[in-house]
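Asks: below is the sequence, then the predicted model.
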Amino acid sequence: MPETPTVYVTRQIPAVGLDRLRERYEVVVWDGKLPPATEHIEAQLASLDADGLVCLLSDDIDADVLDASPNLSVVSTFSVGYDHLNLAAAAERDIAVGHTPGVLTETTADLAWALLLTCARRTVEGHAYVDADEWETWGPRLLTGADVHDATLGIVGLGKIGTAVARRGAGFGVDVLYTGPTRKPDREAELAEVGVDATFVGRDELLAESDFVSLHVPLTAETAGFLGEAEFRRMPEDAILINTSRGGVVDTDALDTALARGWIGRAGLDVTDPEPLPGDHPILRHAPERLVVTPHIGSASVGTRDRMAEMTAANVEAGIEGDDLPTSALGDAGTE
């Protein structure tokens, strides 16, 4: 009887994915809270003669990892992004690589708006005020914030998530500006159908004219440090920055200075540089009055994470069985 294939999983993913894999394979799961070291992943793959690997964004999957098990036929990452994977090395070794595209667009857009509204209406600061027993009476100027309705929302990167964020602006009657390498008439038409008029402008105009700036670009050589001191100085002093893309798109030191000197009003971040953000990082001195930070939870709804787990398991199954992966990262140029 043929030996049952083995799959190594570098973290506890939702049960719907693990249970599906366990129906067909021997599954070994790293049970630690923090990611396993790269050397540990290599050792596990080697000792298990693993056929499949499920990894996360926090795992560095390089050529040495891919060489650890001669049986390895598929790597599936529990993420949309795959810049932590050496795709070229995987292709050279005929190892299939899967990811989970298209699943977290709406959920991440929800969080972007949650951060936007939180910063505009100072809800975290308000909770801290009540928790500190400072709430003595209603006051005309108590925790006054920014109106969202009829504001100007600047979208940097009108991809899937950027478009979803802009679409949600219809309910608030916002004017939408967007910027990027090229104008996107198809996206404009899509938004027009729900009553959102999206106007393509240059970066400097968007920064100068937007009440809210929401970032939705991948981290590349071109976008690293996209917002630095010069850019923050162009923004209105009451502008609010939202980042649910990648931490490295924003120069953290420049943002710290911008908040300290009042170049912008507030910032809501789901991604940071560094990440995780240490609790003693200097920028946290602005929280919660000028800064709200969440721990990279853009896709963290039960439904979305379950769908990601199912997609990850389906990719592993296809790779081990020698079939085409439902969502392959090899040759996939798509972005969220």
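Replies: Arrived safely. Residues are numbered from 1 along each chain as shown.
Asks: okay, CA-based contacts and neighbour counts for the rest of this
Replies: Noted.
Asks: the strand or helix carrying Val27 - contacts with which helices or strands?
Replies: Assigning secondary structure by DSSP states H and E places Val27 in strand 26-29. Strand 26-29 sits against strand 6-9, with contacts defined as 3 or more CA pairs under 8 Å, 6 or more residues apart in numbering; DSSP states H and E.
Asks: output the contacting helices and strands for the strand it packs on.
Replies: Taking 3+ CA pairs under 8 Å, 6+ apart as the contact cut, strand 6-9 packs with strand 26-29, helix 38-48, strand 52-55.
Asks: how about a cut-off of 7 Å?
Replies: For strand 6-9, the elements it packs on are strand 26-29, strand 52-55, judged by 3 or more CA pairs under 7 Å, 6 or more residues apart in numbering; DSSP states H and E.
Asks: partners of the first one in the sheet?
Replies: If I follow you right, that is strand 26-29. In the sheet containing strand 26-29, the strands it pairs with under DSSP bridges are strand 6-9 (parallel).
Asks: on that earlier part again, which residues does the strand holding Val27 contact?
Replies: When contacts are defined by CA atoms under 7 Å, 6 or more residues apart in numbering, strand 26-29 is touched by residues 4-12.
Asks: out of the helices and strands packed on strand 6-9, deepest packed?
Replies: Each of these was given a mean neighbour count from mean count of other CA atoms under 10 Å, and the largest, a mean of 26, is that of strand 52-55.
Asks: CA atoms only for that strand, dumped as CSV, please.
Replies: Once side chains and other backbone atoms are set aside, the C-alpha atoms of strand 52-55 remain, and they are given as CSV (Å, rounded to 0.1, in the frame of the first residue of the first chain):
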residue,chain,number,x,y,z
GLY,A,52,3.6,19.5,0.9
LEU,A,53,4.3,22.7,2.9
VAL,A,54,1.9,25.2,4.1
CYS,A,55,3.5,28.5,5.1
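Asks: in the next helix or strand after that strand, what counts as buried?
Replies: Beyond strand 52-55 on the C-terminal side, the first helix or strand identified by DSSP H and E is helix 63-66. Judged by neighbour count using 16 or more other CA atoms under 10 Å, the buried positions of helix 63-66 are 63, 65-66.
Asks: now helix 63-66: average pLDDT?
Replies: For helix 63-66, the per-residue pLDDT values average out at 98.
Asks: which strands or helices does that helix pack on?
Replies: Secondary-structure packing of helix 63-66 (3+ CA pairs under 7 Å, 6+ apart): no helix or strand packs against it.
Asks: which residues are in contact with it?
Replies: If you take CA under 7 Å, 6+ apart as the criterion, helix 63-66 is touched by 42, 86, 89-90.
Asks: list the buried residues of stretch 210-223.
Replies: So stretch 210-223, judged by 16+ other CA under 10 Å, has buried residues 210-219.
Asks: let me see the ranges of the strands in the chain.
Replies: Assigned strands in the chain, in chain order: 6-9, 26-29, 52-55, 74-77, 96-98, 152-156, 175-179, 198-200, 212-215, 240-243, 266-269, 291-293 (criterion: DSSP state E).
Asks: tell me which of those strands is the most buried.
Replies: Each of the strands of the chain was assessed for mean neighbour count using mean count of other CA under 10 Å. The highest is strand 74-77, with a mean of 30.
Asks: starting at the chain centroid, how far to stretch 273-281?
Replies: Between the centre of stretch 273-281 and the centre of its chain there are 16 Å (CA atoms, centre = their mean, to the nearest Å).
Asks: repeat that for stretch 268-284.
Replies: Going by CA atoms, centre = their mean, the spacing between the C-alpha centre of stretch 268-284 and its chain's C-alpha centre is 14 Å.
Asks: can you check stretch 76-95 too?
Replies: Centroid displacement of stretch 76-95 relative to its chain, using CA atoms, centre = their mean, is 18 Å.
Asks: CA atoms only for it, dumped as PDB, please.
Replies: Listed in PDB are the C-alpha atoms of stretch 76-95, where the atom choice follows Å, rounded to 0.1, in the frame of the first residue of the first chain:
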ATOM      1  CA  SER A  76       1.000  26.800  -0.500                       C
ATOM      2  CA  THR A  77       1.100  30.100   1.400                       C
ATOM      3  CA  PHE A  78      -1.800  31.200   3.600                       C
ATOM      4  CA  SER A  79      -1.700  34.700   2.100                       C
ATOM      5  CA  VAL A  80      -2.300  36.700  -1.000                       C
ATOM      6  CA  GLY A  81       1.300  37.900  -1.100                       C
ATOM      7  CA  TYR A  82       4.200  35.700  -1.900                       C
ATOM      8  CA  ASP A  83       7.300  37.800  -1.800                       C
ATOM      9  CA  HIS A  84       8.500  35.600   1.100                       C
ATOM     10  CA  LEU A  85       8.800  32.700  -1.400                       C
ATOM     11  CA  ASN A  86      11.600  32.200  -3.900                       C
ATOM     12  CA  LEU A  87       9.400  31.600  -6.900                       C
ATOM     13  CA  ALA A  88      12.300  31.200  -9.300                       C
ATOM     14  CA  ALA A  89      13.900  28.400  -7.200                       C
ATOM     15  CA  ALA A  90      10.500  26.700  -6.900                       C
ATOM     16  CA  ALA A  91      10.000  26.800 -10.700                       C
ATOM     17  CA  GLU A  92      13.500  25.400 -11.200                       C
ATOM     18  CA  ARG A  93      12.700  22.500  -8.900                       C
ATOM     19  CA  ASP A  94       9.200  21.900 -10.500                       C
ATOM     20  CA  ILE A  95       7.600  22.700  -7.100                       C
END
